[in-house]
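Peer 1: what's the 3D shape of this:
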Amino acid sequence: MQIQLITVGKLKEKYWNDAVGEYSKRLGAYAKLDLREVPDEKAPENMSAAEAEQVKEREGERILAAIKPDAHVIALAIEGETWSSEQLAAHLDKQAIYGGGSVAFVIGGSLGLSRAVLSRADKKLSFGRMTYPHQMMKVLILEQVYRAFKINRGEPYHK
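Peer 2: You can find the predicted model right below:
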C-alpha cells in the first residue's frame, strides 16, 4: 500500500522531526510512505477574509499538484467525520483491497484547506473540534496510520 502525507509548511523543531522519523520508520514495514511538504504562504496577522482565501487557494494549488492522480484523498478538516482507530483501520483496509492501494492524507496550513482541496477529498477526517498545531497533526496522523496497520494485521499495540 502507498501512503502519502501532504502538509503545508516545514517541520522545524527537532522533536517533531524525531517523532515523524520514528513513525515513518515503523510504517516502512507496512507501506510505502511518501512525505511531501509544500511551502506555506506568508500571511500577515491582520488580513482580510479575501486575502485569507487567496492564501488558502495558493497553498491549495501546491497541495493539489502534489497529490497522486489515482490517490484516495483524506483531508484533515475540523468539519470532517470523527472516526475511531478501528474505523480508520477498516477504511484503509478497504482502500488496500478495493481502492487501488494509494491513500493521500492532507493537512492544510494555519488557515485551513482551500475549497478546491476539500472538493478533491474523498473523505474529510476530523480529530475533534479542537485546534491542534499542524506539526502535532503530522505526528498524530502517522501514529494513527501505524496503529491502523497493526489493527488490520492483528498485531499487538499498546492501548
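Peer 1: how distant is the longest strand seen in the chain from the center of its chain?
Peer 2: As assigned by DSSP state E, the longest strand anywhere in the chain is strand 72-82. In terms of Cα atoms, centre = their mean, to the nearest Å, the centre of strand 72-82 is found 9 Å from the chain centre.
Peer 1: quick check: next helix or strand after it?
Peer 2: Of the helices and strands lying after strand 72-82 in sequence (DSSP states H and E), the nearest is helix 85-98.
Peer 1: what's that next one packed up against?
Peer 2: strand 102-107, helix 134-152 (3 or more Cβ pairs under 8 Å, 6 or more residues apart in numbering; DSSP states H and E). C-beta coordinates here come from the backbone N, C-alpha and C atoms, glycine included.
Peer 1: and the last one, which residues are buried?
Peer 2: The one in question is helix 134-152. Buried residues in helix 134-152, counted by 16 or more other Cβ atoms under 10 Å: 134-135, 137-152.
Peer 1: what do you get for stretch 10-19?
Peer 2: Within stretch 10-19, the residues that count as buried by 16+ other Cβ under 10 Å are 11, 16, 19.
Peer 1: quick one: mean pLDDT for whatever helix or strand the last one lives in?
Peer 2: So the one you mean is Ala19. Following DSSP H and E, one finds Ala19 within helix 14-27. Helix 14-27 carries an average pLDDT of 97.
Peer 1: now find how far off-centre that helix is within its chain.
Peer 2: From the chain centre to the centre of helix 14-27 is a distance of 15 Å (Cα atoms, centre = their mean).
Peer 1: can you state the direction angle for that helix and helix 134-152?
Peer 2: Computed with axes from the mean of the first three to the mean of the last three Cα atoms, to 10 degrees, the direction of helix 14-27 lies at 20 degrees from that of helix 134-152.
Peer 1: partner strands of the next helix or strand after helix 14-27, with direction?
Peer 2: Downstream of helix 14-27, the first helix or strand assigned by DSSP H and E is strand 32-38. Strand 32-38 has the following strand partners under DSSP bridges: strand 2-8 (parallel).
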